[in-house]
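Participant: Predicted structure and sequence below. I'll ask about it afterward.
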Amino acid sequence: MTPLNDSSNAQTRRLLDEYLVVAARAGDRRAFADLVRRWQQRLTAHGWRLTGDRDMALDAVQAAWLEIARGLPRLEDERAFPAWAYRIVSRRCARDVTALKERRNLASAFAAEPEPEPHCPDPAAQDQARRLHVAIRTLPPGQRAALALYHFEGLSVGEIAVALDVPAGTVKTRLMHARRTLRAVLGGDRNA
């Protein structure tokens with residue numbers, strides 16, 4: 001038996017992938033699982049090249065597989081699967097990188113926000129205000145943002161939900177946890 005050359009191996013791999021796409025498109029779950037097994041490493045490597053972060057790449061590829069599973073029945077040409085799958089991973093990585101940058105920019109902007117100087121003639125009140133601002137800076141970014149928008153900017157829960165792109169219930173939960181943390185940090189002071 002003669003060993004197959006590289007172009008013959010590549011052709012065999014392409015034909016197998018095309019067969020798996022056709023079978024998976026027809027609803028064969030085992031074929032889809034084989035397709036995932038054959039492509040997971042290549043798509044993850046592509047995601048890593050785009051993001052520079054292995055965990056982020058793995059998350060992007062996992063989300064991409066959901067899009068691939070949903071879109072596979074509409075893929076008309078099984079030979080297009082490699083480019084199509086890479087494009088889905090590329091788009092997912094781009095969305096994830098953009099979202100990460102936006103979160104980092106928001107966190108940086110909030111951290112760079114100047115601490116308002118308390119305008120209290122009473123030294124005890126000034127100390128309490130300073131302790132409150134230090135305690136607020138220790139909160140997780142989501143809680144800190146919700147608290148600042150509610151108490152310092154005067155936004156309603158609904159407005160904060162829109163501003164932070166989260167449900168109103170999430171805003172309420174973040175406010176509750178932030179207030180609880182501040183009370184604990186400030187020694188049970190209910191005025192926090």
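Facilitator: That came through fine.

Participant: Residue 174 contacts residue 149, doesn't it?
Facilitator: No - under the contact definition of C-beta atoms under 8 Å, residue 174 does not touch residue 149, with a separation of 10.1 Å. No exception for glycine: its C-beta is placed from N, CA and C like everyone else's.

Participant: Looking at those two, which is more packed in?
Facilitator: Set side by side, residue 174 and residue 149 give different neighbour counts by other C-beta atoms under 10 Å, the larger being at residue 174 (23 against 19).

Participant: Is the closest residue in space to the more buried one that isn't next to it in sequence within a helix or a strand, and which one?
Facilitator: Beyond its immediate neighbours in the sequence, the residue positioned closest to residue 174 (C-beta to C-beta, 6 or more residues apart in numbering) is residue 146, lying 4.1 Å away. Of the helices and strands defined by DSSP states H and E, residue 146 is found in helix 141-147.

Participant: which one is residue 170 nearest to, not counting chain neighbours?
Facilitator: Residue nearest to residue 170 in three dimensions, not counting chain neighbours: residue 161, with 7.3 Å by C-beta to C-beta, 6+ apart.

Participant: ugh, typo on my part, it should be residue 100
Facilitator: residue 56 (7.4 Å).

Participant: re the thing from before, after the host helix or strand of the residue nearest to residue 170, next one along is what?
Facilitator: When elements are assigned from DSSP H and E, residue 161 belongs to helix 157-164. Per DSSP H and E, helix 157-164 leads on to helix 168-185 as the next helix or strand towards the C-terminus.

Participant: can you tell me the average pLDDT over that following helix?
Facilitator: Per-region confidence: helix 168-185 scores 90 on mean pLDDT.

Participant: re the thing from before, if I pick the residue nearest to residue 170, what's in contact with it?
Facilitator: In this structure, residue 161 makes contact with 167-168, 170-171, judged by C-beta atoms under 8 Å, 6 or more residues apart in numbering.
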